[in-house]
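1. Sequence and predicted structure are below.
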Amino acid sequence: MENKISDSSAEKHVEKLVAQLLQEADPKGNRIEFLGRQFDLGLAWVHFDEGCGGLGVSPKLQAKVSASLGRVDAPSCWPRNPIGYGMCGPTVFTHGSDDQKKRYLRPLFTTEEIWCQLFSEPSAGSDVAGLTSKAIKDGDEWIVNGQKVWTTLAHVARWGCLVTRTDPEAPKHKGLSYFVVDMTDPGVEVRPLRQMTGDAEFNEVYFTDARIPDEERLGDAGDGWRVALTTLMNERVAIGGTQAPRGSGAIGEAVQLWNGLDSHKKTVSARDQLMKLWGKAETARLTNIRAGENRVKGVPGPEGSTGKLAFAENNKEIYAFMMQLLGADGMLYGSYDVERSSTSMSSKTPQQAFLRSRANSIEGGTSEIMRNILGERVLGLPGDVRTDKKLPFNEVPQSI
């Protein structure tokens, strides 16, 4: 359905639907009702098919929807369900059955059902394909055992995107399968991981004879790596590829802090450092806009790693600079009491944001992995030597 109408006609159609949404639903009223109407009008993911929260038009028009709704402070799916909106939703749309799309996408977008992503394991972080959790077929179900780690919002999630090993005799990238798992299943146990911010938005998740119906598989059995790549590519765009307004985000916070400083603290060297950081942030923002304009289809490519890498490294540098501006006040953190947040990646103070930013270069793929992807898939450089790529997984030496 995509691009059956011209860009100008599609843009006018989207603008008309946004106006209709604001006329029919109060952005200051019930959040779930507003988001539900947004989904029904095709303004949730505009590049998805009609009936799936989309219109079948270019994904770049989603930024116009977001900007229009942002001006009236309309509710958004993203703060409450970032994993669902940015990663799981696109994966369900790309690989799910018609029944799965109909069942999952609308309550995901309205935030009635929160989602999480179950990929990393204690022995398989950056090397996701080296995971050891397993699923064994039992009639029309799969029995899952294993452990996942660093699972954001698992403690409030209704559903999870799960990758497990279903064929240990196949090479590690070939023996994986991808499932939608019910996080309320009695075989699923969620334990909090306390972070240095005091929050516990991350979790470790244990599967003990958890049962998943075969109909909840996304893609074919053994094709889980290809499905997982859809999630990973969207994850990098969701984390670092947003087309934010100029001067927003971390650099906006740094400028605000600078403007509030006493004049004697505004040294020439600090001003120069702030301007260099502004330049980096603006370069990353414009690069993301260009990448979005060039992306015709809804599934991102390896270029999404550029935005994710820049986001992670810029954030760490900007918040470290803010701590320098604060001086001794940067050590005044407040409370380290554990909070089980119902939202993700939000910080209340510059001090908390500084500590939280340390995770940016790990989550969604480490900065080292992003550089590998850019080197191999974008620049065409020789890849790392991978001696285990074609071996049956049960013959690959394990570190545990």
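-> Perfect, I can see it now. Numbering: from 1, shown residues only.
2. Can you name the helix or strand that Leu105 falls in?
-> helix 98-109 (DSSP states H and E).
3. And Ser9, by the same measure?
-> helix 7-24.
4. Just the helices from the stretch 151-300 of the chain, written as ranges.
-> 224-240, 249-259, 268-294 (DSSP state H, counting those that start in this stretch).
5. After the last one, which helix or strand is next? Please name it.
-> To tie it back to what came earlier, the one meant is helix 268-294. Following helix 268-294 in sequence, per DSSP H and E, is helix 304-326.
6. Identify each buried residue in that following helix, please.
-> Going by neighbour count (16 or more other C-beta atoms under 10 Å), the buried part of helix 304-326 is 304-319, 321-323, 325-326. C-beta: built from backbone N, CA, C; applies to glycine.
7. repeat for stretch 110-122
-> Buried, per 16+ other C-beta under 10 Å, within stretch 110-122: Thr110, Thr111, Glu113, Ile114, Trp115, Cys116, Gln117, Leu118, Phe119, Ser120, Glu121.
8. Mark which of these are part of strands, please.
-> The strands, defined by DSSP state E, take in Trp115, Cys116, Gln117, Leu118 from the buried residues of stretch 110-122.
9. Of these, just say which sits nearest to Gly249.
-> Gln117 (22.7 Å; C-beta to C-beta).
10. so that closest one sits right up against Leu232, yeah?
-> No. Using C-beta atoms under 8 Å, Gln117 makes no contact with Leu232, being 9.3 Å away.
11. which stretches of the stretch 301-400 of the chain aren't confidently modelled?
-> 301-303, 338-346, 399-400 (pLDDT under 70).
12. again, only using 80
-> Along the stretch 301-400 of the chain, segments meeting pLDDT under 80 span 301-305, 334-348, 364-365, 384-387, 389, 397-400.
13. for the stretch 51-200 of the chain, same thing?
-> For the stretch 51-200 of the chain (pLDDT under 80), the answer is 125-126.
14. again, only using 90
-> Residues of the stretch 51-200 of the chain meeting the criterion pLDDT under 90: 58-60, 63, 123-129, 194-200.
15. tell me which element the residue nearest to Pro171 when sequence neighbours are not counted falls in.
-> Distances taken as C-beta to C-beta, 6 or more residues apart in numbering place Lys390 nearest to Pro171, at 5.5 Å, with adjacent residues excluded. Assessed by DSSP H and E, Lys390 sits outside every helix and strand.
16. neighbours around Lys390, how many?
-> Using other C-beta atoms under 10 Å, Lys390 is surrounded by 10 other residues.
17. Can you read off the backbone torsions of it?
-> phi -100, psi 0 (degrees, to the nearest 10).
18. distance of Gly139 from Ile212?
-> Noted for Gly139: a distance of 12 Å to Ile212, by C-beta to C-beta, to the nearest Å.
19. The two - which one has more neighbours?
-> Ile212 (22 against 8).
20. Tell me if I'm right that Asp26 and Phe34 touch.
-> Yes. Contact between Asp26 and Phe34 holds when scored by C-beta under 8 Å: they sit 7.0 Å apart.
21. More neighbours: which of these two?
-> Comparing Asp26 with Phe34 by other C-beta under 10 Å, the one with more neighbours is Phe34, at 22 against 13.
22. Can you pull the domain assignment for this protein?
-> Domain ranges of the chain: 7-109, 115-222, 228-378, per automatic domain parsing.
23. Arg386 is nearest to which of those?
-> Across these, closest to Arg386 is domain 115-222 (C-beta to C-beta), at 9.7 Å.
24. Name the residue closest to the centre of this protein, please.
-> Geometric centre of the chain, nearest residue: Glu235, 3.8 Å, by C-alpha atoms, centre = their mean.
25. who touches it in this structure?
-> Applying C-beta atoms under 8 Å, 6 or more residues apart in numbering to Glu235 gives the contacts Gly86, Met87, Gln117, Gly364, Gly365.
26. Write a PyMOL command that selects only the buried members of these.
-> Entered in PyMOL, the line below selects the buried ones among the contacts of Glu235, by 16+ other C-beta under 10 Å:
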select buried, resi 86+87+117+364+365
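27. neighbours around the closest residue to Gly375 other than its chain neighbours, how many?
-> Excluding the flanking residues, the one nearest Gly375 by C-beta to C-beta, 6+ apart is Leu381, at 4.3 Å. When neighbours are counted by other C-beta under 10 Å, Leu381 registers 10.
28. Please report how far Pro192 lies from Phe39.
-> 31 Å.
29. Between these two, tell me which one has more neighbours.
-> Ranked by neighbour count (other C-beta under 10 Å), Pro192 and Phe39 place Phe39 first, with 23 against 15.
30. I figured that one was touching Phe109, is that so?
-> Yes. Using C-beta under 8 Å, Phe39 is in contact with Phe109, at 4.8 Å.
31. Quick check: neighbours shared by the two?
-> Common neighbours of Phe39 and Phe109 (C-beta under 8 Å, 6+ apart) are Gly53.
32. Tell me, how many residues neighbour Thr283?
-> Around Thr283 there are 12 residues (other C-beta under 10 Å).
33. With adjacent residues omitted, what lies nearest to it?
-> Counting by C-beta to C-beta, 6+ apart, the residue nearest Thr283 is Ala310, at 7.8 Å.
34. could you check the angle helix 304-326 makes with the one helix or strand Gln351 maps to?
-> Remark: Gln351 resides in helix 350-357, with elements defined by DSSP H and E. Here the directions of helix 350-357 and helix 304-326 differ by 150 degrees (axes from the mean of the first three to the mean of the last three C-alpha atoms, to 10 degrees).
35. right, and the helix or strand after helix 350-357?
-> Moving toward the C-terminus from helix 350-357, the next element (DSSP H and E) is helix 367-373.
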